[in-house]
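J.: 3D model of this:
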Amino acid sequence: MKRLKRTIRYLPGLLILLVWAVQPVFTQNIILDKIVKAGELTLFQSIDDENVYYYLSDKLRLATHENGIPKFSFLRYVENVRSGATEAEAREGMGGGIVHAVVSLSVTEEQLREARQELRRINSSGRIEGPIMYQGGTVALISSFRNEQGDLTEQVIGLGKSPVLDGQQAAVSVQLTKKGAKILWESFKTPTPDMTFSFEMEVTGYRSPKRAVIEANFDKIYEHHGFQAGIASTYLAAEIKGAFDDLRQEGAIKVTQIGEDEKMEELITTAYNKLTQMMFDPLGGSGTPNLAQLASIGSGGTSLLDRATNMLSNARRDAQAENERIRRENERLRRATRTSTSPAESASESSTTTSSETDEEAGEDVVRRPSTARATAPTASHEEGLRREREEAEAGRAERPEVSVPKFAIAASYEMKRIKHTGKFRIDLNKYTADNITMRFDENFGTINCEECFRQVNLDDPLYKQREIVAFVDGLNAQDFGNYINFVTVSMQKKHESGEITLDEVRIDRNNFSKEGNNFKLLYGWKGDNDRSRWFGYEIRAAWSFFGGRSVETDWEPRNTGAINLAPPFQRRIIDVEADPHVLQEAKIRAVNVKIYYQLAGEQKVEQVTLIPSRQQLSKRVEFMLPKDQTEYEYEIEWQIRGKEEPEKSGRKKTSFGILFADELPS
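T.: Residues are numbered from 1 along each chain as shown. I've put the predicted structure just below:
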């Protein structure tokens, strides 16, 4: 087989996108780097119509039931423990907590009206079509406490998923360690409770064509000290980014731009996204850490929660420093706008600037210059510079918005893939490239006026005659119930000491998934269970019904925790189909058709995409489901070549690797 020029040694294949819950199709084809601020809203331009925009639903509030009660609950529990004969006296029991909330991601009609008016000033033909549909996301639950020195310190006390419900809502179910539950409970006792949900919501779309190339050497990347532990470790998004920063400085990751108009930060983000997708999977298959993973001590001697807290502090510090610099730049431009049109006045104001003011405006890179109060005649270049600054500021193009705090994700948690890449990776970005960005929203909900939303339970109290088990579906959005899954039935059985069996079950479909906010409860009671430790044990089983009449039923599994994290037996797989525009042009290829074959619950499925070079459609994303323990799928590529009636075909092949490159023709 003759291969077109390529710097990659491995077989093309599957790319798993590291987002917790993604919709199977793109609801909107948006351009991720065509962002417009209109009023209080953030708008993204459509890739199909330059006059169409979609707005970001980033105004957070707690959703409420019809009776006005917040859709929020906080259960704190404790289990008394007895120390052994040779052990130290146990002064505290075991325990933890469960926080559940439904958060509305919405904007008001007034905000929409103002945004439409502002958009017409920017683009007279522009119109807002609707909201951007999030592809899912993750959440960090943050609270504060006083440390040993008496200082108020913020702590990440929980990490979880935020699947998207119908109606632009996100459901949050976060398990807390004993320490985390205690911090949050004590906070709610104060006049100003501190409970911040830090959402990292995923938006999927396309990057504009850029004259840039991404290159990476996998052999060197895996040698980085941060990745030495390999599959035995968990990784936070910020830790992966930090390692990639090191590798970029060392030359193992290269982002090369041609010309000076490209935004390097966006190019780096795209590079990091591609590499993360190729090297890592969501932790536990869905990205939700369990209690053991949250509290376990990693190779660095700190727990996942402590590492997330450190990342949060570092990110906020860096973002605050960046915002200070942005404010200085913006103030300089505002002063340029206010400058008199008189050259003499402009020169006078410029010349009387003190050295300290100049240093503050320009930052640390400026060389201090002695100040003077004498007005000097402005030069032609000086006048021209002032004029450009005024025009840019008046047009709103020069001032930069401040970055969010923190400015990169911390909640997303990953584990390294077992199959590692080798050789070199190269991708040309001179095309519309499928990608995703993380939009961060922080909201402190503070006081919650709802006594019934808070519960404390001692599981060893003999008067506590029943036990509720909270169940939530992990790894799915509401949209998935309707594209892949009909429903899932969760059954629980409790075998009591008397021999009696308590059965309970709940059926979850798209309607009640959204209505109940992905918060379901199973119940069993006290029936002569004198052995309190054995009373905690129960068994569960899940039956998944997929479209087409296929079903998968798990075996009975023993559990003893107060929360059930229901992960489907299938995981979402996403392939990025990529093609080099120069390669296709040289080969006179008019169109590329890619078919993906896979098995879902015993039934063969086919997905396909078409790439059209003349329209710069050279990057597409395909999504499907595969069993958790299966990575292989089959694909076939057809090339329509100018001047030939019949297409060239690759034949049906099997693979399991990263990106599927569609620019390698057979001989």
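J.: The residue lying closest to Pro627 once chain neighbours are set aside and Lys605: what is the separation?
T.: Nearest residue to Pro627 in three dimensions, chain neighbours excluded: Phe570, at 5.8 Å (CB to CB, 6 or more residues apart in numbering). (Each C-beta comes from the backbone N, C-alpha and C, glycine too.) Phe570 sits 11 Å away from Lys605, going by CB to CB, to the nearest Å.
J.: Kindly report the same for Arg116.
T.: Arg116 is 41 Å from Lys605, by CB to CB.
J.: Take the helix or strand in which Glu239 is found, keep the C-alpha atoms, and write them as PDB.
T.: Assigned by DSSP states H and E, Glu239 falls within helix 237-250. Output in PDB follows, covering the C-alpha atoms of helix 237-250 (Å, rounded to 0.1, in the frame of the first residue of the first chain):
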ATOM      1  CA  ALA A 237      -6.800  18.600  34.000                       C
ATOM      2  CA  ALA A 238      -4.500  21.300  35.400                       C
ATOM      3  CA  GLU A 239      -1.800  18.700  36.100                       C
ATOM      4  CA  ILE A 240      -1.900  17.500  32.500                       C
ATOM      5  CA  LYS A 241      -1.700  21.100  31.300                       C
ATOM      6  CA  GLY A 242       1.300  21.800  33.500                       C
ATOM      7  CA  ALA A 243       3.100  18.700  32.100                       C
ATOM      8  CA  PHE A 244       2.300  19.700  28.600                       C
ATOM      9  CA  ASP A 245       3.700  23.200  29.300                       C
ATOM     10  CA  ASP A 246       6.900  21.700  30.400                       C
ATOM     11  CA  LEU A 247       7.000  19.500  27.300                       C
ATOM     12  CA  ARG A 248       6.400  22.400  25.000                       C
ATOM     13  CA  GLN A 249       9.300  24.300  26.500                       C
ATOM     14  CA  GLU A 250      11.500  21.200  26.000                       C
END
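J.: how about it: buried residues?
T.: Buried residues in helix 237-250, counted by 16 or more other CB atoms under 10 Å: Ala237, Ala238, Glu239, Ile240, Lys241, Ala243, Phe244, Leu247, Arg248.
J.: contact partners of that helix?
T.: 200, 220-221, 224, 226-227, 253-255, 268, 271-272, 275-276, 280, 307, 311, 314-315, 408-414 (CB atoms under 8 Å, 6 or more residues apart in numbering).
J.: Repeat the analysis, applying 7 Å as the threshold.
T.: 221, 224, 226-227, 253, 272, 275-276, 280, 307, 311, 315, 408-410, 412, 414 (CB atoms under 7 Å, 6 or more residues apart in numbering).
J.: can you count the residues close to the closest residue to Val609 other than its chain neighbours?
T.: In this structure, Val609 finds its nearest non-sequential neighbour in Lys620, 4.1 Å apart by CB to CB, 6+ apart. Residue neighbour count, defined by other CB atoms under 10 Å, stands at 22 for Lys620.
J.: Quick check: Lys620 vs Asn477, distance?
T.: 21 Å.
J.: and if you look at Asp33?
T.: In terms of CB to CB, Asp33 sits 25 Å off from Asn477.
J.: List the beta-bridge partners for Leu600.
T.: Glu603 (DSSP bridges).
J.: Pretty sure it sits against Met625.
T.: Yes: shown here, Leu600 and Met625 form a contact pair, counting by CB atoms under 7 Å, at 5.4 Å.
J.: who touches both of those two?
T.: By CB under 7 Å, 6+ apart, the residues touching both Leu600 and Met625 are Phe570.
J.: buried residues in the strand or helix carrying Ala315?
T.: Using DSSP H and E, Ala315 sits in helix 304-338. Within helix 304-338, the residues scored as buried using 16+ other CB under 10 Å are 304-312, 315, 319, 323, 329-330, 332-333, 335-336.
J.: about what we covered before: settle it for me: which of Phe570 and Lys605 has more neighbours?
T.: More crowded of Phe570 and Lys605, by other CB under 10 Å: Phe570, with 22 against 15.
J.: As a check, name the ranges of all helices in the stretch 451-600 of the chain.
T.: 510-515, 532-535, 581-586 (DSSP state H, counting those that start in this stretch).
J.: Would you single out the least confident of the ones you listed?
T.: Of all the helices of the stretch 451-600 of the chain, mean pLDDT reaches its minimum on helix 532-535 (a mean of 78).
J.: just to revisit the earlier point, other residues contacting the helix or strand hosting the residue nearest to Val609?
T.: Counting by DSSP H and E, the element that carries Lys620 is strand 619-627. Strand 619-627 has contacts (CB under 7 Å, 6+ apart) with 22, 24, 431-434, 484, 569-578, 596, 598, 600, 605, 607, 609, 611, 633.
J.: Please list only the buried members of the residues you listed.
T.: Using 16+ other CB under 10 Å, the buried ones in the contacts of strand 619-627 are 22, 24, 431-434, 484, 569-578, 596, 598, 600, 607, 609, 611, 633.
J.: Model confidence score at Leu236, please.
T.: With respect to pLDDT, Leu236 scores 87.
J.: Can you classify Asp48 as helix, strand or coil?
T.: coil (DSSP: H, G, I helix; E, B strand; the rest coil).
J.: For it, the count of nearby residues, please.
T.: 10.
J.: residues in contact with it?
T.: Asp48 neighbours (CB under 7 Å, 6+ apart): Asn29.
J.: How about the one 3 residues further on?
T.: Residues near Asn51 by CB under 7 Å, 6+ apart: Asn123, Ser125, Gly126, Arg127.
J.: most neighbours, which of the residues you listed?
T.: Busiest of those [other CB under 10 Å] is Gly126, holding 20 neighbours.
J.: That one: what's it in contact with?
T.: Here Gly126 is in contact with Asn51, Tyr53, Leu119, Arg120 (CB under 7 Å, 6+ apart).
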